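Trainee: Just to be clear, the model below is a prediction. Sequence and coordinates:
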Amino acid sequence: MAKGLLKVTVVEGKEIRDKDYIGNAKVILMSNFGLRKIISKERPLSQIPLNPVWNENFLFNIHDTEKEHTLYVRVVDEDVVKDDKIGEGKVDLKKVFQKGHIDTWVSLPAWLGLKSNGEIHLILDFPLSV
């Protein structure tokens, strides 16, 4: 069992398929250990596919690497009334706990996985030296 800070850098998106022409692309990071981080950046949604750049860092406090091992990534089109889900994927954190660093693209499969709604580029580091 290890403890420490997990740093997640949301670098960019590639070929993000928007649901409509209104709203903003938003990335939601969720974990199976109860933490939730949301980032949102306005992007010109008339340019489809979207290739947004975030370059934002988020820290997650890890208490037990044997139990806390999945990071969920959801991308939505943020609208005034209701957010439209663009896609979601996940990262197995066991790899970053073992290697200390991973640089990965997370696929955002569409409904039933028949096509892709884009990818999100993440860089993960653990444990983060403070």
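Mentor: Received, thanks. Numbers count the residues shown, from 1 in each chain.
Trainee: Which residues are in contact with the residue nearest to the spatial centre of the chain?
Mentor: Nearest to the mean C-alpha position of the chain, by CA atoms, centre = their mean, lies Val73 at 3.6 Å. Contact analysis of Val73 by CB atoms under 8 Å, 6 or more residues apart in numbering lists Val27, Ile28, Leu29, Met30, Glu88, Gly89, Lys90, Val91, Val106, Leu108, Ile120, Leu122. C-beta: built from backbone N, CA, C; applies to glycine.
Trainee: Report how many residues lie close to the fifth one.
Mentor: In other words, Glu88. 18 (other CB atoms under 10 Å).
Trainee: Roughly how far does it sit from Ile16?
Mentor: According to CB to CB, to the nearest Å, Glu88 and Ile16 sit 12 Å apart.
Trainee: Could you tell me which residues touch both of these two?
Mentor: Joint contacts of Glu88 and Ile16 (CB under 8 Å, 6+ apart) are Val75, Leu108.
Trainee: Who are the packing partners of whichever strand or helix holds Val91?
Mentor: Per DSSP states H and E, Val91 falls inside strand 84-92. Counting contacts by 3 or more CB pairs under 8 Å, 6 or more residues apart in numbering; DSSP states H and E, strand 84-92 packs against strand 70-78, strand 101-109, strand 116-125.
Trainee: Tell me the strands beside it, with direction?
Mentor: strand 70-78 (antiparallel) (DSSP bridges).
Trainee: Return the set of buried residues in the partner strand.
Mentor: Residues Leu71, Val73, Arg74, Val75, Val76, Asp77, Glu78 are the ones in strand 70-78 that count as buried (16 or more other CB atoms under 10 Å).
Trainee: same question, stretch 111-127
Mentor: Buried residues in stretch 111-127, defined by neighbour count with 16+ other CB under 10 Å: Ser116, Asn117, Gly118, Glu119, Ile120, His121, Leu122, Ile123, Leu124, Asp125, Phe126, Pro127.
Trainee: ok, so of these, who is nearest Lys67?
Mentor: Of all these, Phe126 has the smallest distance to Lys67: 14.5 Å, by CB to CB.
Trainee: any idea which helix or strand comes after the lowest-mean-pLDDT helix or strand in the chain?
Mentor: Using mean pLDDT, DSSP states H and E, the weakest-scoring helix or strand in the chain turns out to be strand 36-41, at a mean of 63. Helices and strands here follow DSSP H and E; after strand 36-41, the next one along the chain is strand 53-62.
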